[in-house]
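Peer 1: What would the 3D arrangement of this be:
(2 chains)
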Amino acid sequence: MESKYTKKFSALLLGLLFSLPVFALDGDAERGQANSAICMACHQADGNGMNIPGGESWPRLAGMNADYIYKQLKEFKNGTRVNASMMPFATMLDDQQKKDLAVYYSQLPAGEGAHGGADAELLAYGEKLATAGDWDRYIVPCSTCHGPGNQGAGEHFPGIAGQHAGYIESQLVAWQKGERDNDPQHLMLAIAERMNDYDIKAVAAWLSTQPAQ
Amino acid sequence: MKIKITALLASLVLAISFSASALAKQELRFPINLPEAKEGQVVHVPPTMADLEDADLHPELKRTIRRGYDLFMNTQQLRGKNVFNDMTCKSCHMGEGRLPFAAPVWRAVIAMPNFRGKNQHVNNLEERIAGCFAFSMNGKPPAYGSDDMIALTAYHQWLAKGLPTFERKNFYGRGYPIEDAPKAPSYKRGEKLYADNCAICHSDDGSGMRVDGKAHFPAVWGDLSYNWGAGISRLHTLAGFVRNNMPLGQPLTMSVQESWDLAEYIDSQERPHDPRFTGDLKETRAKYLDTFHKHTYYGSWIQLASATACNSSNNTSFGVFIPSVFLGRLFKRCIMNSKCSSSKCLKHEPLGQY
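Peer 2: Model (predicted):
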């Protein structure tokens, strides 16, 4: 009888443990911070990255889901996600360092996203596409997966609100060209390849103006 | 000479296959290949909300239709009042209720009023929508004639703009069409398919995904899902939904067999009671067998490899409401005490006159 309750109790504890999303990844923010120097050149000291119109924008990591960051780092290393800038750094980091960095950045406060200039018409169209989609072309609204306010839903659907427009654009184009392929079940790829250049510019610009948290 | 021709043919075949593969690379990896309309089928393209702004309608009516659209898209705003699970109208009627093969809702507008086999009497559009609240949203429908009900029916009717009523035409894209399963649906195969294709959004335990304590991806079984009276608790409805709509953005990628296997797995799981529950599970199944439950596992003790469930949830956490149409417009809540053994209501608790 006693052991039955003990079992139940430990199951409960275990359940609690797994239901805490922030600490789901076994990483240490302090150790992550200590190792973050190599990331700062691009992702900046505050983890908020930088929008670089016409260049390779550096994504904001601050406030992103830790499991998502960790998965991307692993995949930069093993080649599932191909990126020339990230590959050498991801290769340098061991598994624990990846976890530490992921947890560190996930806990930093998210700053604001930027875009390289967008008029009201583009932003209005971006908002419509991101929140209502265009079902006649089977482009589902971003928020259907990326969560309320596009602020993220779990480890597989990252927050995209408040992300830099240049980065969002480059990723959608990468999916279209087959250069990015690491989304689970190609849920993003299927949508990205139906979008035209104007769609992409518009959603990227609008999302960058939205609060990340 | 013979060799030459063979070589030529071979190189030709090679060239064709090469150019075909080069072409394939530029093609979409996830094309939307919805079937073409068959001869004699009527294609209805419902108007959009943008069209509404230009329409020659009274401003108050436009306001009501916009309210209906908002309720349709964000039905969780009625949580605790009319909705008692994590479902919304658009969970099943995707693309704003306009999408073909996702049970576009304009069909109900022109099909109603009509006799419905499910409840054996003539229903109007309000009662049809009430069914969605009572079953699919495990809730308590907005009152007939209430502001919310009128807004919802107005939005439905807007989508049916231009269609003739009382004409039972063969409409393109209605419902969730699917062929019969090539072989008997398999719970085991469904379980594996679910883990590989559905769990990322709907969770291993079917509870969907909540973000900041609110519904995000719908629960497909369990307390937060549709109840045993919902149309989609029938295997063919869920199979057709999956085939035409899931995974999101990738319609028709699950095969007919896979869709049936998934339906077999998902609709074998526990979910809230059929609100028509009489107090006895077997009796309820029998009572609605021909009109409904011959397509569900409600109240049937099926042997499942991974479940000991008897398919009779004792979920009363949010209240199990018996819609007025079955109880003379008196809502009642069934209070139960046990999961499988007796499945008797301890008492019926009135929830007020509707």
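
Peer 1: Distance check, B:R128 against B:N114.
Peer 2: 9 Å (Cβ to Cβ, to the nearest Å). In short, each C-beta sits where N, CA and C put it, glycine included.

Peer 1: And for the residue nearest the centre of chain A, nearest residue in space, chain neighbours not counted?
Peer 2: Nearest to the geometric centre of chain A sits A:P158, at 3.9 Å (Cα atoms, centre = their mean). Distances taken as Cβ to Cβ, 6 or more residues apart in numbering or on different chains place A:Y68 nearest to A:P158, at 4.8 Å, with adjacent residues excluded.

Peer 1: For the stretch 1-150 of chain B, list the residues in contact with chain A, please.
Peer 2: B:K25, B:L28, B:R29, B:F30, B:I32, B:M94, B:G95, B:E96, B:R98, B:L99 (Cβ under 8 Å from any Cβ of the partner chain).

Peer 1: and the residue lying closest to B:A111 once chain neighbours are set aside, which of the three is it?
Peer 2: Nearest in space to B:A111, with sequence neighbours left out and distances taken as Cβ to Cβ, 6+ apart, is B:R168 at 7.7 Å. What DSSP: H, G, I helix; E, B strand; the rest coil gives for B:R168 is coil.

Peer 1: who's in contact with B:P218?
Peer 2: Contact analysis of B:P218 by Cβ atoms under 8 Å, 6 or more residues apart in numbering or on different chains lists B:D86, B:M87, B:T88, B:S91, B:H202, B:G208, B:S225.

Peer 1: how much space between it and B:C198?
Peer 2: 11 Å.

Peer 1: Can you tell me which residue sits nearest the middle of chain B?
Peer 2: Per Cα atoms, centre = their mean, the C-alpha nearest to the average position across chain B is that of B:C92, at 3.8 Å.

Peer 1: correct me, but A:Q163 touches A:A212?
Peer 2: Yes: using Cβ atoms under 8 Å, A:Q163 is in contact with A:A212, at 7.2 Å.

Peer 1: Overlap of the contact sets of those two?
Peer 2: A:R60, A:G113.

Peer 1: Report the distance from whichever strand or helix holds B:Y69 to the chain centre.
Peer 2: Assigned by DSSP states H and E, B:Y69 belongs to helix B:59-73. In terms of Cα atoms, centre = their mean, to the nearest Å, the gap separating the centre of helix B:59-73 from the centre of its chain is 22 Å.

Peer 1: what's the answer for stretch B:115-122, then?
Peer 2: Centre-to-centre, stretch B:115-122 and its host chain are 19 Å apart (Cα atoms, centre = their mean).

Peer 1: what pLDDT, on average, does it get?
Peer 2: Stretch B:115-122 carries an average pLDDT of 88.

Peer 1: got the buried residues for the helix or strand where B:A130 lies?
Peer 2: For B:A130, the host element (DSSP H and E) is helix B:125-131. By 16 or more other Cβ atoms under 10 Å in any protein chain shown, the buried positions in helix B:125-131 come out as B:L125, B:E126, B:E127, B:R128, B:I129, B:A130, B:G131.

Peer 1: residues in chain A within reach of chain B, list them.
Peer 2: Contact residues, chain A versus chain B (Cβ under 8 Å from any Cβ): A:132-133, A:135, A:138, A:140, A:144-145, A:147-148, A:152-154, A:156, A:178, A:184-187, A:189-191, A:193-194.

Peer 1: Now list the buried members of those residues.
Peer 2: A:132-133, A:135, A:138, A:140, A:144-145, A:147, A:152-154, A:156, A:185-187, A:189-191, A:193-194.

Peer 1: Just the ones of the residues you listed in helices?
Peer 2: Within those, residues falling in helices by DSSP state H are A:A132, A:T144, A:C145, A:L187, A:L189, A:A190, A:I191.

Peer 1: Could you find which two of the residues you listed are furthest from each other?
Peer 2: A:A132 and A:L189 (21.3 Å; Cβ to Cβ).

Peer 1: How many residues are close by residue 97?
Peer 2: By default, I'm working from chain A. If you count neighbours by other Cβ atoms under 10 Å in any protein chain shown, A:Q97 ends up with 19.

Peer 1: meant chain B, my bad for not saying
Peer 2: B:G97 has 25 nearby residues by other Cβ under 10 Å.

Peer 1: ok, for it, nearest residue in space, not its chain neighbours?
Peer 2: Closest residue to B:G97 apart from its sequence neighbours, by Cβ to Cβ, 6+ apart: B:V105 at 4.1 Å.

Peer 1: try B:F241
Peer 2: Spatial nearest neighbour of B:F241, excluding adjacent residues (Cβ to Cβ, 6+ apart): B:Y176 at 4.6 Å.

Peer 1: name the element the one you found belongs to?
Peer 2: Applying DSSP H and E, one finds B:Y176 in no helix or strand.

Peer 1: list the contacts for it?
Peer 2: With Cβ under 8 Å, 6+ apart, B:Y176 has these contacts: B:F101, B:A102, B:A103, B:T237, B:A239, B:G240, B:F241, B:R243, B:N244, B:N245.

Peer 1: if we go to 10 Å?
Peer 2: By Cβ atoms under 10 Å, 6 or more residues apart in numbering or on different chains, B:Y176 lies in contact with B:92, B:101-103, B:231-232, B:236-245, B:259.

Peer 1: which phi and psi does it have?
Peer 2: Backbone geometry at B:Y176, expressed as degrees, to the nearest 10, gives phi -130, psi 80.

Peer 1: Could I get the pLDDT score of it?
Peer 2: On pLDDT, B:Y176 comes in at 97.

Peer 1: end-to-end on stretch B:224-237?
Peer 2: Its first and final residues considered, stretch B:224-237 spans 19 Å by Cα to Cα, to the nearest Å.

Peer 1: which SS class is B:H216?
Peer 2: strand.

Peer 1: all helices of chain A, in order?
Peer 2: Going by DSSP H, chain A shows helices at A:2-18, A:29-34, A:37-43, A:66-78, A:87-92, A:95-107, A:120-132, A:143-146, A:165-177, A:187-192, A:197-208.

Peer 1: Nearest to B:G145, out of these?
Peer 2: helix A:120-132 (29.4 Å).

Peer 1: now the closest one, how far from the centre of its chain.
Peer 2: The answer for helix A:120-132 is 21 Å, by Cα atoms, centre = their mean.

Peer 1: ok, now stretch A:193-208?
Peer 2: Distance, centroid of stretch A:193-208 to centroid of chain: 17 Å (Cα atoms, centre = their mean).

Peer 1: Quote the end-to-end distance of stretch B:222-238.
Peer 2: Span of stretch B:222-238 from end to end, Cα to Cα: 16 Å.

Peer 1: That one close to chain A?
Peer 2: No: Stretch B:222-238 is not in contact with chain A by Cβ under 10 Å from any Cβ of the partner chain; minimum separation 15.4 Å.

Peer 1: Show me how far that stretch is from its chain's centre.
Peer 2: 8 Å.
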